[in-house]
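Asks: Attaching a predicted model along with its sequence, questions to come.
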Amino acid sequence: MTLFRSFKNMLYATGLASSIWCSAAALAESVPPSADSQQPEQVRRGAYLFRAADCAACHTAPDGAGLTGGRPFTLPFGTVFAVNITPDKQSGIGNYTDTEWLRMLRDGVGRGGKHLYPVMPYTAYTLLSDADALAIRAYLFSLKPQQAPARQNHLSFPFNQRWG
C-alpha cells in the first residue's frame, strides 16, 4: 500500500498523472464502441431487467408458449388476457417503434393511442430510463417471434367501454 501511495504521489508531483489521464480519456473518445459491441450488452441488460420485472409471469399462460400471452386475469369487472410480447409483427410487439414502446411501457398507451387496462402495471415503469426500457425491448426483439393473437377480453358494462 505504501509503495502504491509513493508511486501515485510521484505521478501527481511530476504532472504525469494528468497526462496519463488525459491520454487515456482521449484514446477512449477516439475509438467509439461499435453498434455490434453495444447490442449484446444492451440485450444482456434487457434480459436482466426483464427477469427483475418478472414480465414472463404475466405474459405466459400456464399451458401456453413463453411470452405469447393468454394468461387470464379475473377481476371484479371481468377478465383481461395478457398479450403476446414476442417480436411477431402480426400478433406481438414486432412493429413497435422505440417511441411507441416507451409510451406503452411508461404511460400505458399502446400503438394507435389505445389505452391499456391497468392490469398492465405501467405506473411501475414511469421512472424507468429510456436506456433501460429500450434494453428490455432489445432483449424481447432478440427472441424468436411466435404467432399468438390476443384473446378477447370479457368485461362487464361499463368497463367494456374504452372511451370511459
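Replies: Sure thing, it's come through.
Asks: Quick one: mean pLDDT for the top helix by length along the chain?
Replies: Here the longest helix in the chain is taken by residue count, with DSSP state H as the criterion, and it is helix 35-53. Taken as a whole, helix 35-53 has a mean pLDDT of 85.
Asks: from the middle of its chain, how far away would it be?
Replies: Helix 35-53 has its C-alpha centroid displaced from the chain centroid by 8 Å (CA atoms, centre = their mean, to the nearest Å).
Asks: So the residue lying closest to Y117 once chain neighbours are set aside, which state does it fall into?
Replies: In space, Y117 comes closest to V80 once its chain neighbours are excluded; the distance is 5.2 Å by CB to CB, 6 or more residues apart in numbering. Backbone N, C-alpha and C define where each C-beta goes, glycine included. Following DSSP: H, G, I helix; E, B strand; the rest coil, we place V80 in the strand state.
Asks: what's near enough to touch V80?
Replies: V80 is in contact with P72, F73, Y117, V119, N153, L155, counting by CB atoms under 8 Å, 6 or more residues apart in numbering.
Asks: among those residues, which ones are buried?
Replies: Y117, L155 (16 or more other CB atoms under 10 Å).
Asks: just curious, which of the contacts of V80 is nearest to Y48?
Replies: When the contacts of V80 are ranked by distance to Y48 (CB to CB), V119 comes first, at 24.3 Å.
Asks: and the closest one, what helix or strand is that in?
Replies: Using DSSP states H and E, V119 falls within no helix or strand.
Asks: Got phi/psi on it?
Replies: In terms of degrees, to the nearest 10, the main-chain angles of V119 are phi -60, psi -40.
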